[in-house]
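Q: Provided below for reference: sequence and predicted model.
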Amino acid sequence: MTEQKRRVIMTVIGVLVAGFSVGMFNFSAFGMDPFQVFAHGVWNHMPIGFGTFYTILNLIMLIFIFIIDRKKIGLGTVINILLLGYVVEFSSWLFETRIPNPTISIRILFLIVGIIILCFGSSLYFVGDLGVSTYDAVALILSEKKVARFQYCRIGSDLICTIIGFVLGATVGIGTLVTAFFMGPIIAFFNNKISIPLRYGNKK
């Protein structure tokens, strides 16, 4: 398989896995990841479905990313904008209908697995480097401009989104706080251990 094909596969799978994991966050009811907290906080005040709102929000952010660093825009960005919100809607519906009355242990399991696969999916399409989500581009651009290392840029943007979303009425829980402080480092771990070797093989 050529490197280009690996990049496309990594990007598509990464975005879809990340979207599916948000449904797991919603189902666990321990709080969503920070950007979803922000998005749901704003969406609470909108008269449209979440999938449609999420697409509009990302299109607005896309304009700013295009102006600042258009190299971050690609296949991954398009998939994020057009599909991610609907994948979140579908996975949330799937878990709620299949497991209508989850026990606390099941909710904790979904939270832990959701965090892990969210970071894994994000790592795949980051390293695939065919465009990232508009939100993920923020921390990447800041780190590339030497504001701080990626982990710390991600923590900062996550905390800001969490605060704004909470003020607007979104649910914040332990899952939100865990991702806000640890998602950056976990993504970096998957980058080094799985995604970079998957893309480049023995080459660095």
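A: Perfect, thanks for sending it.
Q: low-confidence ranges in the chain?
A: 1, 202-204 (pLDDT under 70).
Q: Now the one helix or strand Glu89 maps to - C-alpha only, CSV.
A: Element membership of Glu89, judged by DSSP states H and E, is helix 85-98. This file holds the C-alpha atoms of helix 85-98, laid out as CSV (Å, rounded to 0.1, in the frame of the first residue of the first chain):
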residue,chain,number,x,y,z
GLY,A,85,-22.1,16.0,13.5
TYR,A,86,-24.3,13.3,12.0
VAL,A,87,-22.0,10.5,13.2
VAL,A,88,-22.4,12.0,16.7
GLU,A,89,-26.2,12.1,16.3
PHE,A,90,-26.3,8.5,15.0
SER,A,91,-24.0,7.0,17.7
SER,A,92,-25.8,8.8,20.5
TRP,A,93,-29.1,7.5,19.2
LEU,A,94,-27.7,3.9,18.8
PHE,A,95,-26.5,3.6,22.4
GLU,A,96,-29.6,5.2,23.9
THR,A,97,-31.9,2.8,22.1
ARG,A,98,-29.8,-0.3,22.5
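Q: and the next helix or strand after it, which residues are buried?
A: Helices and strands here follow DSSP H and E; after helix 85-98, the next one along the chain is helix 104-128. Buried residues in helix 104-128, counting neighbours by 16 or more other CB atoms under 10 Å, are found at 107, 110-111, 114-115, 118-128. For the C-beta atoms, the positions are set from N, CA and C on the backbone; glycine is no exception.
Q: and which of those is nearest to Val15?
A: Nearest to Val15 among the buried residues of helix 104-128 is Tyr125, at 5.4 Å by CB to CB.
Q: who touches the closest one in this structure?
A: Met10, Thr11, Gly14, Val15, Ala18, Gly76, Val132 (CB atoms under 8 Å, 6 or more residues apart in numbering).
Q: From the residues you listed, which land in helices?
A: Met10, Thr11, Gly14, Val15, Ala18, Gly76 (DSSP state H).
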